[in-house]
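Chemist: with the sequence up front, the predicted model follows.
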Amino acid sequence: MKSIRVFILIALVFLEFGCSTTKKNILQETLASDNLKIKNVMSNPEAFELQIIYTQIIRDKKNKVSFKDFTYRLNAKNYFYPASTIKFPIAILALEKLNTIENTSKDSQYTIEGNPEKLQFSKEISKVFAVSDNEASTNLLEFLGFDSVNESMKAKGLQPFRLSHRVSGSDPRSLATKPILLYKNDGSKLQIPAVSSQPSIPLNLKNIKKGIGYIKNDSLVNGSFDFSSKNYYPLETLHNTMKRIVFPETFKESERFKLTEKDRQFILFSMQNLPKNAGYNSTEYYDGYCKFFMFGDTKDTIPTNIKIYNKVGDAYGTMIDCAYIVDAENKVEFMVSATLLVNKDGVFNDDKYEYDTIGLPFLGELGRQLYAKNLKLKK
């Protein structure tokens, strides 16, 4: 598979050149930038609920990887809505569950009760990463169930975390899945019954109630918008999910996702695959559509030497990106995750958020400056 060859090549490149640690705090330098795209947020980071993790990846002479983390305002008790980043573990765990069922693979098909369309796991996963497709994620969740996802994340030490609702569907808050008919590779079929999950306890965290109002049934309701029943995926948990997928060997076996190497490489390929290469219209779904860092604020073509393995999310004025950024040609690699809230009027559900004017420019410039500083260290 091409994706496996590419990832092995990346590892060999970094083995050859190595990666020495540096005492410079690149994140701190970047956030002190005079660039207006950075300053607009750094002028009041608390108001933007900004949180960041930057990870320097260190390789020794034997190519063994270790991490050096730098953080800014990181606090799991400061709630932010995780939006579509919640789809990240759902996609991974769908493949993990398939590995427990004989005669199945990522290309196996299934149908969900009430929908005659045959779905293919690999295609649904591709949609989740290429364009952050809501329906695709919901289709995968029907196969898993809420409790299964929550228990799997806990077993791997990926805490705190809570999946309490879907991101789409006619009844996103329903905790019951629908029966599934799974078509095995040997021609047989497996009936998977519906399951009901336990209701979630309301979250009690800082910033769990936000803003001064929200739109409900086309009317403004005065008062804070309550997120206590929503999904919960703090930045450090998200970042550690990325670490486990990219560098599983740095974790104990019990903390890893139980994937075949072929399946892990498929997840990695899907994460970096651009919409145009996944069959989407490149005008609507431009290269940076789901690549907020470095390219989210531009319609430019992403250079072929740069690969961004990531998962983004944006909803309720919150923007998140979690990425492993690699330039094998110039021997650059690092991880970065960030979230910020861009809701100047304090009203939720009004579709008046500063995604394009503040959020994307900040994340784009943050990624570009981190990349440029890493590149400079290599010269």
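Modeler: Now that the structure is in, tell me what you want to look at.

Chemist: following the helix-or-strand element of the chain with minimal mean pLDDT, which helix or strand shows up next?
Modeler: For the chain, counting by mean pLDDT, DSSP states H and E, helix 2-17 ranks last in confidence among helices and strands (a mean of 49). Downstream of helix 2-17, the next assigned helix or strand under DSSP states H and E is helix 26-31.

Chemist: ok, and what's touching that following helix?
Modeler: Applying C-beta atoms under 8 Å, 6 or more residues apart in numbering, the external contacts of helix 26-31 come out as 38, 42, 52, 54, 56, 70-72, 366, 369-370, 373-374. Where you see a C-beta, it was placed from the backbone N, CA and C, and this is true even at glycine.

Chemist: got the CA positions of that helix in CSV?
Modeler: Coordinates of each C-alpha in helix 26-31 appear next as CSV, following Å, rounded to 0.1, in the frame of the first residue of the first chain:
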residue,chain,number,x,y,z
ILE,A,26,9.0,27.6,20.1
LEU,A,27,5.3,27.8,21.2
GLN,A,28,6.1,30.8,23.5
GLU,A,29,8.0,32.5,20.7
THR,A,30,5.1,32.0,18.3
LEU,A,31,2.5,33.4,20.6
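
Chemist: gap between residue 114 and residue 180?
Modeler: Distance, residue 114 to residue 180, by C-beta to C-beta, to the nearest Å: 11 Å.

Chemist: by neighbours, which of the contacts of helix 26-31 wins?
Modeler: Using other C-beta atoms under 10 Å as the neighbour criterion, residue 366 leads the contacts of helix 26-31 with 28 neighbours.

Chemist: and that residue, its phi and psi?
Modeler: Phi and psi for residue 366, reported as degrees, to the nearest 10, are phi -60, psi -50.

Chemist: can you give me the helices for the stretch 151-300 of the chain?
Modeler: With DSSP state H, counting those that start in this stretch as the criterion, the stretch 151-300 of the chain has helices at 235-246, 261-272, 292-295.

Chemist: redo those helices as TSV? Include distance to residue 79.
Modeler: Below are these laid out as TSV (distance: least, C-beta to C-beta, whole Å):
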stretch	distance to residue 79
helix 235-246	11
helix 261-272	26
helix 292-295	20
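
Chemist: which of the ones you listed sits most buried?
Modeler: Ranked by mean neighbour count, those are led by helix 292-295 with a mean of 26 (mean count of other C-beta atoms under 10 Å).

Chemist: next SSE after that helix?
Modeler: Later in the chain than helix 292-295, the nearest helix or strand by DSSP H and E is strand 306-315.

Chemist: which strands border that following strand, and is each parallel or antiparallel?
Modeler: Strand 306-315 sits in its sheet next to strand 318-327 (antiparallel), going by DSSP bridges.

Chemist: low-confidence ranges in the stretch 251-379 of the chain?
Modeler: By pLDDT under 70, the stretch 251-379 of the chain contains no weakly predicted segment.

Chemist: ok, the most centrally placed residue in the chain - contacts?
Modeler: Residue closest to the average C-alpha location in the chain (C-alpha atoms, centre = their mean): residue 311, at 2.8 Å. Neighbouring residues of residue 311 by C-beta under 8 Å, 6+ apart: 84-85, 87-88, 129, 132, 238, 242, 271, 321-322.

Chemist: just residue 109 next, same as before
Modeler: Residue 109 touches 118-121, 182-183, counting by C-beta under 8 Å, 6+ apart.

Chemist: could you export those residues as JSON lines, including neighbour count?
Modeler: Converted to JSON lines, the contacts of residue 109 look like this (neighbours: other C-beta atoms under 10 Å):
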{"residue": "118", "neighbour count": "10"}
{"residue": "119", "neighbour count": "20"}
{"residue": "120", "neighbour count": "14"}
{"residue": "121", "neighbour count": "25"}
{"residue": "182", "neighbour count": "19"}
{"residue": "183", "neighbour count": "18"}
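
Chemist: nearest to residue 292 among the residues you listed?
Modeler: Residue 292 lies nearest to residue 121 out of the contacts of residue 109, by C-beta to C-beta, at 26.2 Å.

Chemist: show me where the protein has its strands.
Modeler: Ranges of strands in the chain, per DSSP state E, are 51-59, 65-72, 109-112, 115-120, 180-183, 189-192, 209-210, 213-216, 219-222, 225-226, 306-315, 318-327, 332-341, 347-348.

Chemist: just to revisit the earlier point, report the two of the contacts of helix 26-31 separated the most.
Modeler: Using C-beta to C-beta, the contacts of helix 26-31 span at most 21.1 Å, a distance reached by 42 and 56.

Chemist: how about the contacts of helix 26-31 in TSV, adding distance to residue 167?
Modeler: Shown next, in TSV, are those (distance: C-beta to C-beta, whole Å):
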residue	distance to residue 167
38	30
42	30
52	24
54	27
56	32
70	30
71	27
72	27
366	25
369	31
370	28
373	34
374	33
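
Chemist: pull out the buried positions in stretch 216-231.
Modeler: Across stretch 216-231, burial judged by 16 or more other C-beta atoms under 10 Å covers 224-225, 227, 230-231.

Chemist: ok, stretch 162-177 next?
Modeler: Applying 16+ other C-beta under 10 Å to stretch 162-177 flags 162-167, 169, 175, 177 as buried.

Chemist: returning to what we had before: which of the strands of the chain sits closest to residue 290?
Modeler: Of all the strands of the chain, strand 306-315 comes closest under C-beta to C-beta, at 5.1 Å.
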